[in-house]
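Peer 1: Any chance you could fold what I've pasted below:
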Amino acid sequence: MSDIFREIDDDIRRDQAIDVWKKYGPFFFAFGLILVVLTAGYRFYAHYENQKAEALGARFQSALEASAAGKSDDAAKEFNAIASDGGAGYAVLSRFRLAVERSLVDKGEGVKQFDVLASDATLPPVLRGLARLRAATLIVDTASLEDVQAKLQSLIVPGGTWAGNARELVGLKLLKAGDIAGAGKLFDEIMTDEIAPATLKQRVQVYLALVKAGSKLP
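Peer 2: Just a heads-up that it's a prediction; the model follows:
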């Protein structure tokens, strides 16, 4: 008797399954088709992006080689082109390299390029800070102490990525101006900065020797 009930139960389930398929089968089929199309589209897009990235990488490397060979104008043109039509990563790299190339020919133009990057709100703060630091590096020998301080003051914050480097530039400017105490204070702050690079601290040890000797930069 239990076998009869089992067969009846199986028949009922089979009939229910058939009804469900008749009612929702087309939707299942459509969903499966959409899933296949989306998967294929994603794979095509990923392949396209990989090819594009490889091509941009090759162009970027070629521009770097042109720069190393002294062909600054050719390098600048290529960096500018990559910045215009490249992906987010290579576009940003190319904008920074373009600023470098411009500075090789005209420091003022290089400063302008880095200033544009420093004020670009679409860039991460760490990159905007780097651009500000690079701009200050270009003018540190010719600008006034006040101008250098104004450009770098926003970077000299506790825990700032570029705080140590900014202190170094301002400290050197103070040392050249004869403000031994002011320079020494900034150099001491670098030495106690836990995130300041070891190479920076090695340079600062030399500066501190000048501070202790009471000597200013020529």
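Peer 1: pretty sure residue 91 contacts residue 83?
Peer 2: Yes - under the criterion of Cβ atoms under 8 Å, residue 91 makes contact with residue 83 at 5.0 Å. To be clear about C-beta, it is placed using only N, CA and C from the backbone, and glycine gets the same treatment.
Peer 1: Closest to the centroid, which residue in this protein?
Peer 2: residue 127 (5.4 Å; Cα atoms, centre = their mean).
Peer 1: So for whatever helix or strand that one lives in, what gets flagged as buried?
Peer 2: When elements are assigned from DSSP states H and E, residue 127 belongs to helix 125-139. Residues of helix 125-139 classed as buried by neighbour count (16 or more other Cβ atoms under 10 Å): 127-139.
Peer 1: list the helices and strands the helix or strand in which residue 146 is found packs on?
Peer 2: Taking DSSP H and E as the definition, residue 146 sits inside helix 145-152. For helix 145-152, the elements it packs on are helix 125-139, helix 163-177, judged by 3 or more Cβ pairs under 8 Å, 6 or more residues apart in numbering; DSSP states H and E.
Peer 1: Go through that helix and flag the buried ones.
Peer 2: Buried-residue list, helix 145-152, by 16+ other Cβ under 10 Å: 148, 149, 151, 152.
Peer 1: Run through who's touching it.
Peer 2: Outside helix 145-152, the residues within contact range by Cβ atoms under 8 Å, 6 or more residues apart in numbering are 132-133, 135-136, 139-140, 143, 166, 169-170, 173-174, 177.
Peer 1: would you turn those residues into CSV with pLDDT?
Peer 2: Compiled in CSV, the contacts of helix 145-152 are given as follows (pLDDT from 0 to 100):
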residue, pLDDT
132, 95
133, 94
135, 94
136, 94
139, 92
140, 91
143, 93
166, 95
169, 94
170, 95
173, 93
174, 94
177, 91
